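Visitor: What follows is a predicted structure for the sequence shown.
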Amino acid sequence: MHRSITRALARWMLPLLAALAVVAWTRPASAYAWMIRHEYTGCVQCHADPSGGGLLTPYGRAQGELLLRTQYGPPPDDPGRVAGFLWGAFELPEWLLLGGDVRTLTIHQTSAGAPALDDTFLMQADLTGQVTIDRVRANASIGFAQQGALKAAITSAPDNNLVSRVHWIGVDLGEDRNWLLRAGRMNLPFGIRSIEHTMWVRSQTLTDIDDGQEDGVSLAYNGDKWRGEAMAIAGNYQVNPDAYRERGYSAYAEWDPSTVFAAGATSLVTYAERDIELQTQIIRHAHGLFARWVPFPMLVVLSETDLLVQSTPATLTHGAETFVGYTGMLQGDLEVIQGVHVMATGEMLDATPTRTGTSFAGWATLQWFLGPHVDVRGDAIWESLASPAGDVPSTTLLAQLHMFL
């Protein structure tokens, strides 16, 4: 077993060294991690979640209108009323934040040996709010998922469920309020927070922002050069029975020595009495490095590499086993004109526990923020998936329409 672990570690080091090579050419963040091109290296200015994504602050709404979308005339000096909730239909009091997302998806997927998949459905319809009284915040979301997101569901149908992805209470600490202590259901603090929840660095670490949230207690810090968050995971209480709930910790720390570069480390360890797929006890590890770099304002480079470890105890039919693998991604985002993004992404995965070889994927993406609160996106994804029978090619075409309220 030690030899297999050593070989797997060696394979994992290859994408890690590639990621380090990217960050070594050193020359601000949200669920769009490429906002660093505008010198936003932190998330807390624009988002209620200190690690990014989700509900926007008034400042985040203003920057979305000024910096995110295509301008069809002289750039405005003021975002105007349209930046507000529901395109400025009414003003909210200072103590209340409201927002939401509506996202539709059309998919066409072909895979060797399987029928083609064609589907169009409502992927997301969420409303999120936050009430703030002095230093205390209460934040929650409610939504509808036509398909998937079962780990976030608060109803129990196979499809068409009500979901609550986040709900937490927090208190701002410190003289400058740069610490936030929270308890409740939250996104796991791990790696690069991105909307591409099916990328392997998110799906294999179970840290996506679709339904990968967990209940627990977290402490986040946002300073001038450092930001980070650590969370004690108590389990997902929207999953039953209790044996399936994972408990442990998740954490990251990121350092931004300049306004065009940031790098960090991340770590997660969880334990569950019963894994949903393997139906046995499991200990999961994920540990990695990530980086964001702006070689010039039009281009942002993102990279993440994670070591994956799964340990299962001895059973009546199998001995104790430990599987070691890795996953990594490298993405370039080119903003050709304001609001129009051309992206290329490469992925690799040595999946555990199948040990059938390395899978590869490539993404070609076009995203256009064409107006206030509206963007469209198209993805072409090519995958070569390792299997016991050999590599299985797969092609996926995605089209999305997204509006945030």
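Guide: That came through, no problem.
Visitor: alpha carbons only for contacts and neighbour counts from here, please
Guide: Fine.
Visitor: Show me the longest strand that occurs in this protein.
Guide: In the chain, with assignment by DSSP state E, the single longest strand is strand 114-133.
Visitor: List the contacts of that one.
Guide: 48, 54-55, 95-110, 137-147 (Cα atoms under 8 Å, 6 or more residues apart in numbering).
Visitor: for stretch 45-63, same thing?
Guide: Residues external to stretch 45-63 that are found in contact with it (Cα under 8 Å, 6+ apart): 29-32, 42-44, 79, 83-84, 97-100, 128-130, 180, 189, 193-194, 220-222, 228-229.
Visitor: Residue 62 should be in a helix, yeah?
Guide: Yes. Looking at residue 62 with DSSP: H, G, I helix; E, B strand; the rest coil, it is inside a helix.
Visitor: Model confidence for it, exactly?
Guide: You'll see residue 62 listed with a pLDDT of 90.
Visitor: and it, how many neighbours?
Guide: Counted by other Cα atoms under 10 Å, the residues lying close to residue 62 total 20.
Visitor: Over to residue 320?
Guide: Residues near residue 320, counting by other Cα under 10 Å, number 9.
Visitor: Ignoring the adjacent residues along the chain, who's closest to residue 376?
Guide: The spatial neighbour of residue 376 that comes closest, neighbours along the chain excluded (Cα to Cα, 6 or more residues apart in numbering), is residue 401 at 4.7 Å.
Visitor: List phi and psi for residue 67.
Guide: Taking degrees, to the nearest 10, you get phi -110, psi -30 for the backbone angles of residue 67.
Visitor: One more: the one 4 residues further on?
Guide: Note on residue 71: its backbone torsions stand at phi -100, psi 140 [degrees, to the nearest 10].
Visitor: give me every residue that touches it.
Guide: Counting by Cα under 8 Å, 6+ apart, residue 71 makes contact with 338, 339.
Visitor: Look up the residues forming beta bridges with residue 321.
Guide: For residue 321, the beta-bridge assignment (DSSP bridges) gives partners residue 312.
Visitor: per-residue confidence at the closest residue in space to residue 86 that isn't next to it in sequence?
Guide: The spatial neighbour of residue 86 that comes closest, neighbours along the chain excluded (Cα to Cα, 6+ apart), is residue 405 at 4.8 Å. In the predicted model, residue 405 carries a pLDDT score of 89.
Visitor: And for residue 318?
Guide: According to the prediction, residue 318 has pLDDT 65.
Visitor: just checking, the residue nearest to residue 376 is part of a helix?
Guide: No. The assignment for residue 401 by three-state DSSP gives strand, which leaves it out of any helix.
Visitor: change the start of the numbering to 29 and stick with it
Guide: Sure, I'll start numbering at 29, so the last one becomes residue 429.
Visitor: helix/strand/coil for residue 394?
Guide: strand.
Visitor: Next, count neighbours for it.
Guide: Should you count by other Cα under 10 Å, residue 394 turns out to have 18 residues around it.
Visitor: same thing with the one 3 residues further on?
Guide: Each residue near residue 397 was counted by other Cα under 10 Å, and the total is 22.
Visitor: Touching, it and residue 403? I think so.
Guide: Yes. Distance between residue 397 and residue 403: 4.1 Å, which falls inside the contact criterion (Cα atoms under 8 Å).
Visitor: Give the residues shared as contacts by those two.
Guide: With Cα under 8 Å, 6+ apart applied, the contact sets of residue 397 and residue 403 do not overlap.
Visitor: In strands only, show me the contacts of strand 142-161.
Guide: Counting by DSSP E, the part of the contacts of strand 142-161 found in strands is 124-138, 165-173.
Visitor: Pull out the buried residues from the residues you listed.
Guide: By neighbour count, with 16 or more other Cα atoms under 10 Å, the ones in strands among the contacts of strand 142-161 hold 125-134, 137-138, 165-173 as buried.
Visitor: for the protein, what spans make up the helices?
Guide: Read by DSSP state H, the chain holds these helices, from start to end of the chain: 30-52, 86-91, 228-231.
Visitor: For residue 353, give its distance to residue 332.
Guide: When distances are taken as Cα to Cα, to the nearest Å, residue 353 and residue 332 turn out to be 14 Å apart.
Visitor: And residue 359, by the same measure?
Guide: According to Cα to Cα, residue 359 and residue 332 sit 9 Å apart.
Visitor: More neighbours: which of those two?
Guide: residue 332 (27 against 19).
Visitor: Quick check, that one in contact with residue 317.
Guide: Yes. Distance between residue 332 and residue 317: 5.7 Å, which falls inside the contact criterion (Cα under 8 Å).
Visitor: sorry, back to before: any idea which of the helices of the chain scores lowest on pLDDT?
Guide: Sorting the helices of the chain by mean pLDDT places helix 30-52 lowest, at a mean of 38.
Visitor: Give me the neighbour count for the closest residue to residue 425 other than its chain neighbours.
Guide: Once flanking residues are discounted, residue 425 sits nearest to residue 408: 4.7 Å by Cα to Cα, 6+ apart. Neighbouring residues of residue 408 were enumerated by other Cα under 10 Å; the total is 17.
Visitor: and what of residue 358?
Guide: Taking other Cα under 10 Å as the neighbour definition, residue 358 ends up with a count of 21.
Visitor: burial of residue 204, as a residue count?
Guide: Burial of residue 204 is recorded as 8 neighbouring residues (other Cα under 10 Å).
Visitor: Kindly apply the preceding question to residue 141 instead.
Guide: Burial of residue 141 is recorded as 9 neighbouring residues (other Cα under 10 Å).
Visitor: Over to the one 3 residues further on?
Guide: Residue neighbour count, defined by other Cα under 10 Å, stands at 12 for residue 144.
Visitor: now residue 103
Guide: Applying other Cα under 10 Å, I find that residue 103 has 11 neighbouring residues.
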